[in-house]
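[1] All I have is the shape, not the residue letters:
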Ligand code: HEM
Ligand SMILES: *[C@@H]1O[C@H](CO)[C@@H](O)[C@H](O)[C@H]1NC(C)=O
């Protein structure tokens, strides 16, 4: 009796073990080196047991192999992934050979029939549907329409500075991430829906709380990631729902109300919601479709922009010389430090360089995945034979490792905006070593809006306050191991001293 129980358990463990390792060797059989891989943990053990962010595992492999290999074969839990190490190939995959690598992997994690709020989000769509919806979404983001949001952002900048004044009396620490989230949430909701969420007041709309929860909510994505790693070929209908139902209901109702309101007021403003209503007529969109377009701004634009603001403030706080140089640039363009003129901000080189350098040190996604959609021969300089890629093969791009490679960015931990002056960005992008907004046809479609928001907030703050870093903020630039999108570990605590101008 006891013996057969033991035998049963042993057999079960054996079956699980065989299941877990059954894909290992996939790359070796195709002539590709496989770094060490552990059952259940795959090649990136910190994905499963996070002591450091798993993009650091990727960086470790990158640093070990990049001088001798153009790519190596890895496993995300069980799923085979080709880790690209040679920057020239990165550029090829994003830009020059894009038509062979049109999809990224997010579509594998999400069933858009269950998560309707992302149903039209270009980031999770593939093939023809991606092309169509990306074209539709980008008509929302013309220069003209972004310009109409400038007045809104100025209003939000004013509220932001008043909030900082109120909250930071006596040198109190403020939470930079929270500050960024309030600023970005307030801007996006007003720009997109015409709703003032009152994120800086004592009685904000419930959406402010909901945004904070959405930003902190990692569980759905973690589970979806784990399922995807264990069962890479799971049919779509068996995949779990990623975003909680409460979330769908809340944002669905809010958006529906905002659309109603705008229709009834019949305002003619050349803004995003106006354009959405026009699109509804022309493209015959359901209200669900409209909600999905609105949520693309929130899902893809909220955390990315707010973290980038907080991280840039942190780096400016640690580098007073850079902050001073930025302050002088801002003063010259807008003496007196009144509300930032957003048109003028676009052209300020040092502000732009500070932002890009901060995005280099803290890229929003420390890695990126691409799927081969059409057969391709990958020719790495370190390999005699090309690697024949087949549709369905998955590639990973170690964005964090590329951004922090001392060969391209000497002393990569040091914040040095000058790297980006004099055409630095263009060179870095062409070399395949800067991917702050991605590159090529799938590059971030909200880039100009994200830049406009981030620069407005940074300019408003730096011109009114001297930014200092609280001793409570951890030293170094380590990324929080358990947060999916990269963000400084331990929180960003800042102090603001009003300037006398
Ligand atoms: C500073 C803020 C932002 C950063 C750092 C950022 C970064 C990125 C990155 C790295 C990608 C992936 C590109 C690739 O796969 O090659 C991306 C894609 C995307 N972003 Fe952003 N983003 C920001 C703001 C925004 C905003 C405000 C919006 C919405 C208006 C937005 C909408 C999107 C969309 C829809 C995609 C998917 C594009 C596609 O696959 O065709 N992003 N972003
Ligand atoms: C910073 O990046 C943005 C977006 O990629 C680009 O438009 C701008 O020219 C860059 N600025 C500098 C100084 O590198």
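    That came through, no problem. What you see is a predicted model; the values in this text were computed from it and never measured. Numbers count the residues shown, from 1 in each chain. Ligands and ions are numbered 1, 2, ... in the order given.
[2] all strands of the stretch 251-400 of the chain, in order?
    Remark: strands of the stretch 251-400 of the chain, listed N- to C-terminal, are 368-371, 376-378, 387-389, 394-397; assignment by DSSP state E, counting those that start in this stretch.
[3] Quick check: closest non-adjacent residue to the residue nearest to the spatial centre of the chain.
    By C-alpha atoms, centre = their mean, the mean C-alpha position of the chain lies nearest to residue 364, the distance being 3.8 Å. The spatial neighbour of residue 364 that comes closest, neighbours along the chain excluded (C-beta to C-beta, 6 or more residues apart in numbering), is residue 304 at 4.5 Å. No exception for glycine: its C-beta is placed from N, CA and C like everyone else's.
[4] and the one you found, how many residues sit next to it?
    20 (other C-beta atoms under 10 Å).
[5] Return the distance of residue 185 relative to residue 174.
    Plainly put, residue 185 is 16 Å away from residue 174 if you go by C-beta to C-beta, to the nearest Å.
[6] again, but for residue 47
    Taking C-beta to C-beta as the measure, residue 47 falls 32 Å from residue 174.
[7] Which one's more surrounded, these two?
    Set side by side, residue 47 and residue 174 give different neighbour counts by other C-beta under 10 Å, the larger being at residue 47 (21 against 18).
[8] Which pLDDT value belongs to that one?
    The predicted local distance difference test score for residue 47 is 75.
[9] Now do the contacts for it.
    41, 54, 57, 76, 77, 225, 229 (C-beta atoms under 8 Å, 6 or more residues apart in numbering).
[10] and the stretch 1-150 of the chain, which of its residues are near ligand 1?
    With C-beta under 6 Å from any ligand atom as the criterion, the stretch 1-150 of the chain comes near ligand 1 at residues 104, 122, 123, 134.
[11] same check, this time on the stretch 301-450 of the chain
    Residues of the stretch 301-450 of the chain lying near ligand 1 (C-beta under 6 Å from any ligand atom): 301, 304-305, 308, 359, 364-365, 368, 436-438, 442-446, 449-450.
[12] Would you list the buried entries among the residues you listed?
    In terms of neighbour count (16 or more other C-beta atoms under 10 Å), the buried residues within these are 301, 304-305, 308, 359, 364-365, 368, 436-438, 442, 444-446, 449-450.
[13] Return the subset of these lying in helices.
    Per DSSP state H, helices hold the following members of these: 301, 304, 305, 308, 359, 449, 450.
[14] The first one reaches residue 450, doesn't it?
    So that's residue 301. Yes - the pair formed by residue 301 and residue 450 meets the contact definition of C-beta atoms under 8 Å, at 6.1 Å.
[15] Now do the shared contacts for these two.
    Shared between the contact lists of residue 301 and residue 450 (criterion: C-beta under 8 Å, 6+ apart) there are no residues.
[16] quick revisit: from the residues of the stretch 1-150 of the chain next to ligand 1, which ones fall inside helices?
    residue 134.
[17] Please list the residues outside the helix or strand encompassing residue 137 that contact it.
    Of the helices and strands defined by DSSP states H and E, residue 137 is found in helix 127-138. Contacts of helix 127-138 from elsewhere in the structure, counted by C-beta under 8 Å, 6+ apart, are 102, 103, 120, 121, 122, 125, 279, 283, 293, 296, 373, 445.
[18] one more time with 10 Å
    For helix 127-138, the external contacting residues (C-beta atoms under 10 Å, 6 or more residues apart in numbering) are 102-104, 107, 112, 119-125, 279, 283, 285, 289, 292-293, 296-297, 300, 373, 441-442, 445-446.
[19] Now the terminal residues of stretch 233-242, how far apart.
    17 Å (C-alpha to C-alpha, to the nearest Å).
[20] Can you list the buried residues in that stretch?
    Within stretch 233-242, the residues that count as buried by 16+ other C-beta under 10 Å are 239, 240, 241, 242.
[21] nearest to ligand 2, of the residues you listed?
    residue 242 (28.7 Å; C-beta to the nearest ligand atom).
[22] isn't the closest one right next to residue 221, touching?
    Yes - in terms of C-beta atoms under 10 Å, residue 242 counts as a neighbour of residue 221; the distance is 6.1 Å.
[23] who touches both of these two?
    Counting by C-beta under 10 Å, 6+ apart, the residues touching both residue 242 and residue 221 are 106, 109, 110.
[24] okay if I get those residues as JSON lines plus neighbour count and pLDDT?
    Conversion of the shared contacts of residue 242 and residue 221 to JSON lines gives the following (neighbours: other C-beta atoms under 10 Å; pLDDT from 0 to 100):
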{"residue": "106", "neighbour count": "21", "pLDDT": "79"}
{"residue": "109", "neighbour count": "20", "pLDDT": "80"}
{"residue": "110", "neighbour count": "25", "pLDDT": "84"}
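[25] with those in mind, which one is nearest to ligand 1?
    Closest approach to ligand 1 among the shared contacts of residue 242 and residue 221 (C-beta to the nearest ligand atom): residue 106, at 8.2 Å.
[26] So what's the residue count around the residue lying closest to the closest one once chain neighbours are set aside?
    Leaving aside its chain neighbours, residue 106 sits nearest to residue 124 (4.5 Å; criterion: C-beta to C-beta, 6+ apart). One way to gauge burial is a neighbour count; for residue 124, by other C-beta under 10 Å, it gives 26.
[27] Residue 124 and residue 299: what is the separation?
    According to C-beta to C-beta, residue 124 stands 9 Å off from residue 299.
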